[in-house]
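[1] Predicted model and sequence follow; I will ask about them next.
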Amino acid sequence: MTLHDTIVIIAALVNLIAFGGFAYWIKGSLQAQQQTITALKNLIDALDTPKMLERFEAFKKTVDLAKEAAIQDLERKFEEERKELVRAGVETTSELADDFIALIVNLMPYVPREDRKALIESTNFSKRAKSFLWSAADKLADFSFVYVRFSQVVPPPLPLVDQGKK
């Protein structure tokens, strides 16, 4: 082998290595270009009006479903609270009504018998309550004279005198 053949072989090897490096560099460049093209395609797809409209409608549907669920939950809670308040109100009203009727029945004997019917008629109680009170008014004793006598016997309280203003 001559020097010339050796130089040709070395030159061919250097060219082969250079060409391989160039091919490797081109391959990396092509992959980068492919990634860039893919990213641009995704951007174009994202900005695509029909697809954007589809995504917006899907999002709107999700939001509407969440809104309906929240509204139904609030309505259910409101209905439960309203029922609880009504139940508590009915219990309280029933207790107050019972206590109020008991107070009236306990005080009725101290109202003169002839004034009881007029007193009951002057109220805006229901017919049922008035009927009960009329029945009680007829059956209860008349202690109105005791109150009159007691008020005549016991003098009214004296006004308090301030000790510092004598």
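    It's in. Numbering: from 1, shown residues only.
[2] Name the SS class of the residue nearest in space to the middle of the chain, please.
    With distances taken as Cα atoms, centre = their mean, residue 74 lies nearest the centre of the chain, 5.4 Å away. When classified by DSSP: H, G, I helix; E, B strand; the rest coil, residue 74 comes out as helix.
[3] Look up how far residue 67 lies from it.
    Note on residue 74: its distance to residue 67, by Cβ to Cβ, to the nearest Å, is 11 Å. C-beta coordinates here come from the backbone N, C-alpha and C atoms, glycine included.
[4] Likewise for residue 93?
    Using Cβ to Cβ, residue 93 is found at 37 Å from residue 67.
[5] can you check residue 24 too?
    Distance, residue 24 to residue 67, using Cβ to Cβ: 57 Å.
[6] can you check residue 82 too?
    Going from residue 82 to residue 67 by Cβ to Cβ gives 22 Å.
[7] What of residue 86?
    Using Cβ to Cβ, residue 86 is found at 28 Å from residue 67.
[8] Pop out the phi and psi values for residue 15.
    Torsion angles at residue 15 (phi, psi; degrees, to the nearest 10) stand at phi -60, psi -40.
[9] Report all helices and strands that the helix or strand hosting residue 57 contacts.
    Per DSSP states H and E, residue 57 falls inside helix 49-107. Other helices and strands packing on helix 49-107, by 3 or more Cβ pairs under 8 Å, 6 or more residues apart in numbering; DSSP states H and E, are helix 127-139.
[10] For the helix it packs on, which residues meet the burial criterion?
    Residues 129, 130, 132, 133, 136, 137 are the ones in helix 127-139 that count as buried (16 or more other Cβ atoms under 10 Å).
[11] what's the answer for stretch 1-9, then?
    Under the neighbour-count criterion of 16+ other Cβ under 10 Å, stretch 1-9 has nothing buried.
[12] where does the chain dip in pLDDT?
    145-166 (pLDDT under 70).
[13] burial measure for residue 125, as a count.
    17 (other Cβ atoms under 10 Å).
[14] so who does it touch?
    Applying Cβ atoms under 8 Å, 6 or more residues apart in numbering, we find residue 125 in contact with residue 133.
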